[in-house]
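Peer 1: A structural model of the following input is requested.
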Amino acid sequence: MPRAVLAALLFTILPVTAFADFKEAHTLPDLASFELEGKLPEELKGQVILLDFWASWCGPCKSSFPAMEELTNKFAGQGLTIIAVSVDEKRENMQQFLKSAKVSFTVLRDAHHKLVAAADIRSMPASFLIDRSGKIRFVHAGFDRDKTTREYAKQIEQLLKEPKP
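Peer 2: Prediction:
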């Protein structure tokens, strides 16, 4: 393979692989660079972020929405921002679910699955709690109603108490 072609391929995949597999202590990449459908919150800097990946066909994902709405109501005024990223292939499926869910937090769709690939999401739901400095601090796989909701609340409270950068 000619070097120019190999270099072009590397530069094509580098932006995705450079952030592959979100882990604790990694810095959250700029979400605007992933071509997500929908409007990101104006200011994420200095916020505690719950970044959640979900799909309309995922039962536990659907169960997590009331909990995330409850967390929004409790902590949004203190600096929590929730961003739920749908991986639904069809926008209509996401919209149909949202008609019944009625949420006040941000919902986006990763139509091209660029963010999902970068985060290396392998199961649904998957979520990440990011501190005010943009570091991933807690990683959650799955959703076990009360148990996960309590864990979220405890971790969010911890992150909100930390000084702003």
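Peer 1: read off the pLDDT value for Ala118.
Peer 2: The score at Ala118 is 90. That number is its pLDDT.
Peer 1: go on, the one 3 residues further on?
Peer 2: Each residue has a pLDDT score; the one for Ile121 is 87.
Peer 1: just grab the bridge partners of the residue nearest the centre of the chain for me.
Peer 2: Among the residues of the chain, Leu51 comes closest to the average C-alpha position under C-alpha atoms, centre = their mean, at 2.5 Å. Each beta-bridge partner of Leu51 is listed here, defined by DSSP bridges: Ile83, Phe128.
Peer 1: how much space separates it from Leu40?
Peer 2: Leu51 sits 11 Å away from Leu40, taking C-beta to C-beta, to the nearest Å as the criterion. In short, each C-beta sits where N, CA and C put it, glycine included.
Peer 1: and for Ala111?
Peer 2: From Ala111 across to Leu40, the span is 15 Å (C-beta to C-beta).
Peer 1: quick check: neighbours shared by Leu51 and Leu40?
Peer 2: Common neighbours of Leu51 and Leu40, counting by C-beta atoms under 8 Å, 6 or more residues apart in numbering, are 31, 83.
Peer 1: how about the helices in the protein?
Peer 2: When assigned using DSSP state H, the helices of the chain occupy the ranges 3-17, 59-75, 91-101, 114-119, 145-161.
Peer 1: other SSEs contacting the shortest one?
Peer 2: I take that to be helix 114-119. Packing partners of helix 114-119 (3 or more C-beta pairs under 8 Å, 6 or more residues apart in numbering; DSSP states H and E): helix 3-17.
Peer 1: the helices of the chain: which one's closest to Lys135?
Peer 2: Proximity to Lys135, assessed across those by C-beta to C-beta, is greatest for helix 145-161 (9.8 Å).
Peer 1: could you report the neighbour count for Ala101?
Peer 2: Using other C-beta atoms under 10 Å, the number of residues around Ala101 comes to 16.
Peer 1: for Phe65, see how far away it is.
Peer 2: Separation of Ala101 from Phe65 (C-beta to C-beta) stands at 5 Å.
Peer 1: go on, Asp110?
Peer 2: If you measure Asp110 against Phe65 using C-beta to C-beta, the figure is 17 Å.
Peer 1: one more: Lys99?
Peer 2: Spatial separation of Lys99 from Phe65 under the definition C-beta to C-beta is 12 Å.
Peer 1: looking at those two, which one has more neighbours?
Peer 2: For the pair Lys99 and Phe65, the greater number of neighbours falls to Phe65 (22 against 7), based on other C-beta under 10 Å.
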